[in-house]
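Student: I would like the atomic coordinates for the input below:
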Amino acid sequence: MKSIILFRHGKSDWDTNYGSDHDRPLEKKGITSAKKMGNYLLSINQIPNKIISSTALRAKKTAEIAVKYGKWNINISLNNNIYLCSTETLLSIVHQLDPKLDMVCLVGHEPTFSSFISESTNSIWCKFPTASMARIDFDIKRWKDVSFGLGKLAWLIKPKELD
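Tutor: Next up, the predicted model:
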């Protein structure tokens with residue numbers, strides 16, 4: 001079995017000065033939520049083998065904070081293709097994963113992540129607020145065999161549910 005954890009970036013700060021959308025930072029609530037979600041995966045013993053984040057500042061910082069506070073002993077890989085991508089692009093990234101990995105975490109953005117959950121699990125669109133996580137399981141042996149409609153949503157958790 002292969003599992004994908006989708007992790008939407010934490011709440012970003014729209015009121016600060018930033019050059020482009022790509023450079024928008026996290027606000028205080030986004031930092032707090034990233035810490036909480038990192039600890040959550042530790043508490044349920046579901047630390048991914050690999051984390052791949054969008055290069056957008058808010059996504060990258062969300063990943064870094066979750067790794068630090070969740071005590072995940074993994075490095076973060078950055079992939080610019082996750083920023084503003086389609087579900088097909090995400091699927092292509094998944095297809096290229098090392099077959100030795102069983103669970104990966106992708107850190108990115110809406111509306112792509114909601115759409116990926118829906119298309120992967122043949123379910124209706126779900127609300128996926130900032131810093132939410134969802135795990136999708138695929139009953140396959142190789143990442144290149146992941147396809148839309150084959151996934152099962154194992155769980156979806158929002159930071160406010162952990163208060």
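Student: contacts, neighbours, all on C-alpha from now
Tutor: Fine.
Student: Name the residues that touch the longest helix seen in the chain?
Tutor: If you go by DSSP state H, the chain has its longest helix at helix 28-43. Helix 28-43 has contacts (C-alpha atoms under 8 Å, 6 or more residues apart in numbering) with 9-12, 47, 62-63, 65-72, 130-133, 159, 162.
Student: who touches Phe7 in this structure?
Tutor: Cys105, Leu106, Val107, Gly108, Ala131, Ser132, Met133, Ala134.
Student: Toward the C-terminus, what is the element adjacent to the helix or strand where the first one lies?
Tutor: Applying DSSP states H and E as the criterion places Cys105 in strand 103-108. Sequence-wise, the next helix or strand downstream of strand 103-108 (DSSP H and E) is helix 112-121.
Student: Can you give the contact residues for that next one?
Tutor: Contacts of helix 112-121 from elsewhere in the structure, counted by C-alpha under 8 Å, 6+ apart, are 6, 8, 84-87, 90, 123-128, 136, 147-153.
Student: In strands, which of those appear?
Tutor: Leu6, Arg8, Ile136, Gly151, Lys152, Leu153 (DSSP state E).
Student: PyMOL command for the buried members of these?
Tutor: The following PyMOL line selects those of these that are buried, judged by 16 or more other C-alpha atoms under 10 Å:
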select buried, resi 6+8+136+151+152+153
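Student: roughly how far is the helix or strand harbouring Arg58 from the heart of the chain?
Tutor: Assigning secondary structure by DSSP H and E places Arg58 in helix 57-69. Helix 57-69 sits 11 Å away from the centroid of its parent chain (C-alpha atoms, centre = their mean, to the nearest Å).
Student: Kindly report the same for stretch 51-63.
Tutor: 9 Å.
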